[in-house]
Structures are given as C-alpha cells and as structure tokens.
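*Asks:* fold the following for me, if possible:
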Amino acid sequence: MVNEVLRRIRLEEFLRDALPKEDGRTKLLPTKALLVLLRNLLVSREPIYGLGEWAVRYAPDLLGLTEGEIKLLNDDRVGRSLDKLFAADIASLVLRVAAHVVKEFGLRLDELHNDSTTVSFFGAYLAAAIEGQAFGRPTLAITFGHNKDHRPDLKQLLFILTVTADGGVPLHFRAQSGNVTDDVTHRDTWDLLCQLTGRRDFLYVADSKLATRENMAYLHQRQGRFITVLPKTRSEDAAFRSLVCREQVTWRLLWEKTDEDGELLDRYSVSEQPATSTEGYRLVWYHSQRKAEQDALARNGRLQRAMKELADLRHKLQSPRTRYRQESKVAEAVAEILASCGAETWLVTEIQRKEEETFQQAHRGRPTKETQYTRKVTTRFDVTWQIDYLRMAEEARSDGVFPLITNVTDLSELELLKTYKRQPTIEKRFSQLKTDFEVAPVYLKAVHRIQALLSMYFFVLLIEALLERELRGAMERNGIESLPLYPEGRPCCWPTARRLLDLFEPVQRHTLTYGKRPAEVLVTDLNRVQRRLLNLLGLTPNHYGQ
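*Replies:* The predicted model follows:
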C-alpha cells in the first residue's frame, strides 16, 4: 500500500534528480537508503541506528533493495544519505513533489490551512546554538523559544506545515530556528504557496499570529484572501467584551452543530451588529455554547491553582526558616503567582506585616533575679486574599465569545465559521507527527542532518494523508458508511492510516526452496476485511505480498 502511494507521487524519481550524482564506488544509493528510512518512519519508527535490524525482517524487494543491498544498511550510510539530502535544495524538492501530488490526486487548492508546532530536543546541542552553514547551505539554531509542548526547559526547532482542506493533505513544509516567532513566517509561507498553486485567490487560514497589521496588509495588497482569529490583545476585543458585559450586544442563532447520531455538540450564535477592525477588515463576532463552558472551567482551574500556590506561599512565610524577610520579596512572589496563573483580576491580595518579640539573656549562665534580658523584634509577613466575585461575574458574561477577522466579503457568517472550524485538521497532523511517528526524541546530533530528517517526516505525513484520503474517498463513492476495523469488528467511520497499516502487520511472506526446484512463495491468507480494503485502494488482493 505504501509502495503504491510512493509510485504515484514519484518520490524516488524526484529524489534521484535532486540529490548530487553518485560515482561507481557507491555501494548503496542515497535515494534507496532514504526511501527505506521513510518506510521505517511510516511503519515502525525505529531509531536510525536500528534501521538495518528492522529492514532484515522485511522482504528486500518490497523495500526497493536486493538481498545484498539490505546488508549494507547501517546508521553511517543513512546519516551520509541525510547529508546528501541536506546538500540538495530541500525547498525546491518539496515544491516539485507537492505540485505533482496536486495533479496526480486532483487536490483542491481553494482553501489552505497553516500552523506550526515545535520539535523538542533532549540535549544541550551546544554546536547548534546559533545559525551557521553546512555544505554551503544555512543551518538552523536549536535553541529556546515559546515551546508548544509546554516544555520551556527544552531547546527546539519550529516545524511549519500547510495542509489542504481537501483531506488535510500536507502541501508545504518549512523548518525554522527555535526562537523564531510565528508572526514573521506567514509572508514567506504565503509567497511559496502562491508559487506552488500558481494563484493568489486561495483562502489562507491561520491562527491569531497572522493577525498583525503587517501580515494582513501584505496579503490584502497582493490580492490574497485570509481568515484568522483576532488576538485578545487588540483594542477591538476589549471594546466588544465591554459591550457584552453591559448587555448591549444582540445575538442571532447561527448553527446547531450535531454529531452523526444527531446529538447536539455545540450551538453557535453571531452578533447582529456589523463591525470592522481598525484597519477596515471585516470583523465577525461569534458565541459558542461549548466554548463558554470550557472558558468557565478554565477560569475556575486557574483560580484554584492560584489559591493553592498562595496557600503554599503562606505556609513558607510562617516557617521559622523562611527566606521572605522583606515585604518587596513577598509582593514579588505574590505577583509572580497571580501572573503565572492568569488570576490577577480575580484575586485581591493583602500582605500583612507582623512583629514578633523575643527575649534573650544578655549573658550566659543560670537565670536569676538580677539577670538582664535583651529584646529582639522580628518582622514576619502573612498573605491573605479575597475572590472578586463581581469581576468574575462580569468576565463570565463574555465566555464563549471569539472574533474572526477577514478580508473576504463573499462568504456568509456561517461559511466563515465552518471554514475556520476546519483548522483542527492540521492539529491532527501534528498529533500524528508526535505520537504515531514519534518525531522526538531525535537520535541525531548534527543540525543539518536533523533538518533533512524533518523533511522526511513531511513526506511521511504526506503519504499517510494520501492513504487516508484515498480510502475515505473510495468509501464515499461506494456508499460505505463504516468498516469493521476496530477490535471485535466494531465499525470505523473515518479510517486512519495508522489503523490501516496495523491491520496488515501480521501478514507474512515465506519463500521455500527445495533442491533445484523453483522457489515457492507463500503469503498469509488475507481475511475478508483486508481484501475489501485493498479493493477500495485499487490494489489486487491476490497480488498482495508477492
């Protein structure tokens, strides 16, 4: 199944053209080694040093190798193949492959979704702390930044991905240094997408980092179309929420979202008052019932965490060995707790100053009537807090409210909302990158090899998405609502590539030889579900594994 997708996207041909030419001394072509690495990442995700041991368990011809070549696989050869890939023009390679995939699979390019995630690194990586060069090409800096895995203690690289709304197929990928912020990446990404699609009128959907004055103006002035979320830091957000708190906003029911069984999932409303941003772009305000519940739970969670940390601080203040001897340090600790929990507006704190008197003998010896004592005054501090229920009630009125900003005028409020609600498709790809394919930890030290490896992960995500799109499309064309892919034959409405590959993992091929007789090839008999899946993918079950 994987080989069929590889054949259709012609990845071997594109790699062969992109990589530097090899001389006759090369025993294992880098193209072949890279394709074995790709299959490994997709099927098993073994460390590179274990690639050779993994490959010998599979039929060499299905890995594109001969019996002699499979013995040549080791971490050194694969590492040098990654060197060759980095020395090639990875950006141009990705564009050429994506352009061919669009034509081969008939992908629709009218709506593209962009987002980024971080790849965390467990190590110092001192040699990669700053950007440099290798093989005449720039290398990235593995360094600290805003970690989206909530691991500020780890260094990182930025993994930027763009997918189609048509099946969530990855269309473009870029890696950036770990300290690069998302807001500075959108203009270059949009330019490359224009080059790839050959058009400017596609709908570019991204998160709130796109909503800067410079980014939106750049796209708008070049006939680009965008949809994004207005950040809470904008003045328009505070002004509208103030109107909501004063009950000066009229809402109209827009959409009752239900699941496949007709159960209500969410209820969306839209503000009746038309609005624009300070730049003049269209601003649409929505209210989500489910988001309102989540906002209330999140606020209560932050409040409880803040009070717990304040209680811990109070316990430290009461300790005889406390380090907080100055009021300024206590105030700094309180402010840090409130800021980290985001509870500054809900808790009113007070630092209380107390003086404790102690008396100690002026001289040594047994105390008598004439013993003199010295008075010592120690200043201690205590913290008390109160919940500002009135302020919390005011903020609760704007729970579930979120604004979309766009320069698109030909879509209704409902179409805008549904378009943005397809953004989680790219989050699914990031989830698969970090769970199914375990992008971290990365068992490499050289940053240029890591960059090449990340490009291989892009191709892995591409193949996975195409497998899912082909299978789901075949189900839709044949009127199949679900397949019994889960244990005990339970139905699956949206098959994933991971589940598909796992179902075929037990299939084995055995080759029997006896004297000079022709070799006999025996393949595990496929069950009914496996045969049905192969037919849906356009493959012949009787040829599987041969």
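
*Asks:* okay, now the unreliable bits of the stretch 301-450 of the chain?
*Replies:* By pLDDT under 70, the stretch 301-450 of the chain contains no weakly predicted segment.

*Asks:* mind listing the strands in it by residue range?
*Replies:* The residue ranges that make up the strands of the stretch 301-450 of the chain, judged by DSSP state E, counting those that start in this stretch, are 347-361, 373-387, 401-406.

*Asks:* nearest to Gln156 among these would be which one?
*Replies:* With C-beta to C-beta as the measure, strand 401-406 is the member of those nearest Gln156 (27.8 Å). No exception for glycine: its C-beta is placed from N, CA and C like everyone else's.

*Asks:* just checking: what are the partner strands of the closest one?
*Replies:* Strand 401-406 has the following strand partners under DSSP bridges: strand 225-229 (antiparallel), strand 282-288 (antiparallel).

*Asks:* hang on, the earlier thing: so can I have CSV of the strands of the stretch 301-450 of the chain showing mean neighbour count and distance to Glu46?
*Replies:* Formatted as CSV, these follow (neighbours: other C-beta atoms under 10 Å; distance: least, C-beta to C-beta, whole Å):
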stretch, mean neighbour count, distance to Glu46
strand 347-361, 11, 50
strand 373-387, 13, 53
strand 401-406, 22, 42
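
*Asks:* tell me which of those strands approaches Glu247 most closely.
*Replies:* Of all the strands of the stretch 301-450 of the chain, strand 401-406 sits nearest to Glu247, with 13.0 Å by C-beta to C-beta.

*Asks:* pretty sure Ser288 contacts Lys257?
*Replies:* No: distance between Ser288 and Lys257: 9.2 Å, which falls outside the contact criterion (C-beta atoms under 8 Å).

*Asks:* those two: which is more packed in?
*Replies:* When neighbours are counted by other C-beta atoms under 10 Å, Ser288 comes out ahead of the other of Ser288 and Lys257, with 21 against 15.

*Asks:* quick check: that one vs Arg267, distance?
*Replies:* 8 Å (C-beta to C-beta, to the nearest Å).

*Asks:* also Glu394?
*Replies:* Computed with C-beta to C-beta, the distance linking Glu394 and Arg267 is 23 Å.

*Asks:* again with Thr358
*Replies:* Thr358 sits at a distance of 64 Å from Arg267 (criterion: C-beta to C-beta).

*Asks:* what do you get for Glu427?
*Replies:* Between Glu427 and Arg267 the distance, using C-beta to C-beta, works out to 23 Å.

*Asks:* comparing those two, which residue is more hemmed in?
*Replies:* Between Glu427 and Arg267, counted using other C-beta under 10 Å, the more crowded position is Arg267 (17 against 13).

*Asks:* identify the residue spatially nearest to the more buried one, adjacent ones excluded.
*Replies:* In space, Arg267 comes closest to Gln289 once its chain neighbours are excluded; the distance is 4.3 Å by C-beta to C-beta, 6 or more residues apart in numbering.

*Asks:* just give me the neighbour total for the one you found.
*Replies:* The criterion is other C-beta under 10 Å. On that basis, Gln289 has 17 neighbouring residues.

*Asks:* now it: phi and psi?
*Replies:* phi -70, psi -40 (degrees, to the nearest 10).

*Asks:* let me see the contact set for it.
*Replies:* 266-268, 400 (C-beta atoms under 8 Å, 6 or more residues apart in numbering).

*Asks:* if we can go back for a sec, what's the overlap in contacts for Ser288 and Lys257?
*Replies:* Overlap between the neighbourhoods of Ser288 and Lys257 consists of 266-268, taking contacts as C-beta under 8 Å, 6+ apart.

*Asks:* which ones among the residues you listed are found in strands?
*Replies:* Filtering the shared contacts of Ser288 and Lys257 for membership in strands, criterion DSSP state E, returns 266-268.

*Asks:* Glu111 and Arg422: what is the separation?
*Replies:* In this structure, Glu111 and Arg422 are 7 Å apart, going by C-beta to C-beta.

*Asks:* compare the two and say which is more crowded by neighbours.
*Replies:* A count of neighbours by other C-beta under 10 Å puts Glu111 above the other of Glu111 and Arg422, at 17 against 14.

*Asks:* need the phi and psi values for the more buried one.
*Replies:* With angles defined as degrees, to the nearest 10, Glu111 sits at phi -150, psi 120.

*Asks:* tell me who's in contact with it.
*Replies:* Counting by C-beta under 8 Å, 6+ apart, Glu111 touches 164-166, 202-203, 205, 419, 422.

*Asks:* Arg187 now?
*Replies:* Contacts were defined as C-beta under 8 Å, 6+ apart; by that measure Arg187 touches 214-215, 218-219.

*Asks:* how about a cut-off of 10 Å?
*Replies:* If a contact means C-beta atoms under 10 Å, 6 or more residues apart in numbering, then Arg187 has 210, 212, 214-215, 218-219, 222, 224 as its contacts.

*Asks:* Ser120 contacts Glu438, correct?
*Replies:* No: applying C-beta atoms under 10 Å as the test, Ser120 and Glu438 come out as separate, 11.9 Å apart.

*Asks:* and the pLDDT for the spatially closest residue to Gln133 that is not a sequence neighbour?
*Replies:* The shortest distance from Gln133 to any residue other than its chain neighbours is 6.2 Å, reached at Thr139 (C-beta to C-beta, 6+ apart). Per-residue confidence at Thr139 stands at 95 (pLDDT).

*Asks:* please apply the same query to the one 3 residues further on.
*Replies:* Predicted confidence (pLDDT) at Ile142: the value is 95.

*Asks:* on the three-state scheme, His150 is what?
*Replies:* The three-state label given to His150 by DSSP: H, G, I helix; E, B strand; the rest coil is coil.

*Asks:* what's near enough to touch it?
*Replies:* With C-beta under 10 Å, 6+ apart, His150 has these contacts: 118, 120.

*Asks:* distance check, it against Gly515.
*Replies:* From His150 to Gly515 the distance is 63 Å (C-beta to C-beta).

*Asks:* cool, and Gly262?
*Replies:* Computed as C-beta to C-beta, the Gly262 to Gly515 distance reads 66 Å.

*Asks:* do Thr117 as well
*Replies:* 57 Å.

*Asks:* neighbour count for these two, which is higher?
*Replies:* For Thr117 versus Gly515, the count of surrounding residues by other C-beta under 10 Å is larger for Thr117: 22 against 4.
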